[in-house]
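**Q** Okay, structure incoming, though there's no sequence with it:
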């Protein structure tokens, strides 16, 4: 493909993408294919000679689209939102064209410097404390990780490295293996599964602590756990607080947890993967109170900020904690400007990184903070509309408070009946939702996800829930 062929193919792909997103309502949100469907549609081996662009484009509809779950359909209400917008898509095109691998400043200065600036823009929009901002000169700053799961692991490994260094300085005869074997980290029993996985990858205990009646982890529960573990000779070193849990969008008691961590010298990492975008709105900013006590904070602009995956924003108060944990500096990666700007390879698990800050720059400039806030508020209003429909039907109950764009609800019936309801809804294919278990209670999660969702989509979804519920329980 030469330059002119690329121009034509690129224009055709842009038209295809625009048509796809404009008409996505017409597609069944959940595919009907069975495992292994795709292998039968393509040859057993790669072609010896190149094919035409037209053949490839024809196969997008024939091979790919039948197996796509349409996450950006207004009828997609599973998991949490995943961001999507034309400015972000354009930014990814430019990033792919530049094609830099921004592991050091000199590898592409703009890649590093725009990221530093964008994380400061975003941090200020969230009203993060000054120590988290690179421009404060206090030793902190922001970095784009791939996912919140990566951010949790980076924070955990940094906290482990710091604690091991501290203890070995105090006790020179202690080995690193012996210290690591005594470390213990904490999260709530509502934390994302990536917390447990991070503990496994880091080789430390990750203790899940019970939450209160609102599924929130409280400070006294953490304090008691630390006291018990310390009495057993263990070494508490890390706490993961969640703001906006995956099962129910619950919020841990961050000010309480922060006070305990500060007294006990425990690293506090805050995971606000979904809810973090809402803190751009002043009416939701109070949910972030207590972040001043955290060592690190993360949320995913690629969930609710109209930015395509992947773009997970992480801030730390002491960047050296990350650098000390991940610094491997061979001669071929050194350059004469080291120390003047971040080399982000020391702030993450992988060495390579893409020019992801372009997506933040494009979206923030073309939408403005006001446009992003309007998008978030509209989703919250749509969730409240669905909540009203649920509350108006005595067969149903709202299980947890509707704070943002997630509605947790269920039939006032057995777990088995609710599971049957969700299976029927998803089998029909008009909308898509996923369940959760809150302690021993099976619930349905209705998330407002797509940027293009409107009131008519909420009414369609509720009508489908009512239709399928009517087959299990008589209407009121």
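**A** Received it, and whenever you're ready, just let me know what you need. Since the model is a prediction, treat every value here as computed from it, not as a measurement.

**Q** rest of the way, CA atoms for contacts and neighbours
**A** Fine.

**Q** Give me the distance between residue 346 and residue 39.
**A** Distance, residue 346 to residue 39, using C-alpha to C-alpha, to the nearest Å: 40 Å.

**Q** swap that for residue 150, sorry
**A** Distance from residue 150 to residue 39, by C-alpha to C-alpha: 32 Å.

**Q** The two: which is more packed in?
**A** Neighbour comparison, residue 150 and residue 39: the larger count goes to residue 150, with 20 against 10 (by other C-alpha atoms under 10 Å).

**Q** any idea how far that one lies from residue 347?
**A** 11 Å.

**Q** go on, residue 390?
**A** Residue 390 is 45 Å from residue 347, by C-alpha to C-alpha.

**Q** Neighbour count: the two, which is higher?
**A** Applying other C-alpha under 10 Å to residue 390 and residue 347 shows that residue 347 carries more neighbours, namely 29 against 22.

**Q** Chain neighbours aside, what residue packs nearest to that one?
**A** In this structure, residue 347 finds its nearest non-sequential neighbour in residue 322, 5.4 Å apart by C-alpha to C-alpha, 6 or more residues apart in numbering.

**Q** State which helix of this structure is the longest.
**A** The longest helix of the chain (DSSP state H) is helix 357-391.

**Q** helix or strand for residue 463, which one?
**A** helix 455-469 (DSSP states H and E).

**Q** Packing partners of that helix?
**A** In terms of contacts (3 or more C-alpha pairs under 8 Å, 6 or more residues apart in numbering; DSSP states H and E), helix 455-469 is packed against helix 357-391, helix 415-428.

**Q** Could you save those helices as JSON lines and add columns showing distance to residue 176?
**A** Output for these, formatted as JSON lines (distance: least, C-alpha to C-alpha, whole Å):
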{"stretch": "helix 357-391", "distance to residue 176": "37"}
{"stretch": "helix 415-428", "distance to residue 176": "47"}
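
**Q** Highest mean neighbour count out of those?
**A** Neighbour counts (mean count of other C-alpha atoms under 10 Å) averaged over each of the helices and strands packed on helix 455-469 peak at helix 357-391, with a mean of 19.

**Q** Next secondary structure after it?
**A** strand 396-398.

**Q** Which neighbours in the sheet does that next one have, and how are they oriented?
**A** Strand 396-398 sits in its sheet next to strand 406-411 (antiparallel), going by DSSP bridges.

**Q** Tell me what angle the strand it pairs with forms with helix 415-428.
**A** Regarding strand 406-411 and helix 415-428, their directions subtend 120 degrees when assessed with axes from the mean of the first three to the mean of the last three C-alpha atoms, to 10 degrees.

**Q** who's in contact with strand 406-411?
**A** The contact list for strand 406-411 (C-alpha atoms under 8 Å, 6 or more residues apart in numbering) reads 248-249, 383, 386-387, 390, 395-402, 417-418, 442-448.

**Q** so what's the backbone phi/psi at residue 240?
**A** phi -100, psi 110 (degrees, to the nearest 10).

**Q** How far does stretch 47-65 stretch from one end to the other?
**A** Termini of stretch 47-65 sit 21 Å apart (C-alpha to C-alpha).

**Q** in it, what counts as buried?
**A** Using 16 or more other C-alpha atoms under 10 Å as the test for burial, stretch 47-65 gives residue 63.

**Q** Then stretch 398-410?
**A** So, applying 16+ other C-alpha under 10 Å, buried residues of stretch 398-410: 398-400, 402-410.

**Q** Looking at those residues, point me to the pair that's furthest apart.
**A** 404 and 410 (18.1 Å; C-alpha to C-alpha).

**Q** Helices of the stretch 101-250 of the chain, residue ranges please.
**A** Taking DSSP state H, counting those that start in this stretch, the helices of the stretch 101-250 of the chain run over residues 109-125, 148-170, 176-180, 193-202, 219-231.

**Q** Quick one, which of these gets closest to residue 20.
**A** So among those, helix 148-170 is nearest, using C-alpha to C-alpha, at 28.6 Å.

**Q** for the closest one, packing partners?
**A** When contacts are defined as 3+ C-alpha pairs under 8 Å, 6+ apart, helix 148-170 sits against helix 176-180, helix 193-202, strand 235-242, strand 267-271, strand 296-299, strand 312-316, helix 319-326.

**Q** What is the distance between the first one and the centre of its chain?
**A** What that stands for is helix 176-180. Offset of helix 176-180 from its chain centre (C-alpha atoms, centre = their mean, to the nearest Å): 31 Å.

**Q** ok, now the longest one?
**A** Taking C-alpha atoms, centre = their mean, one finds the center of helix 193-202 at 16 Å from the center of the full chain.
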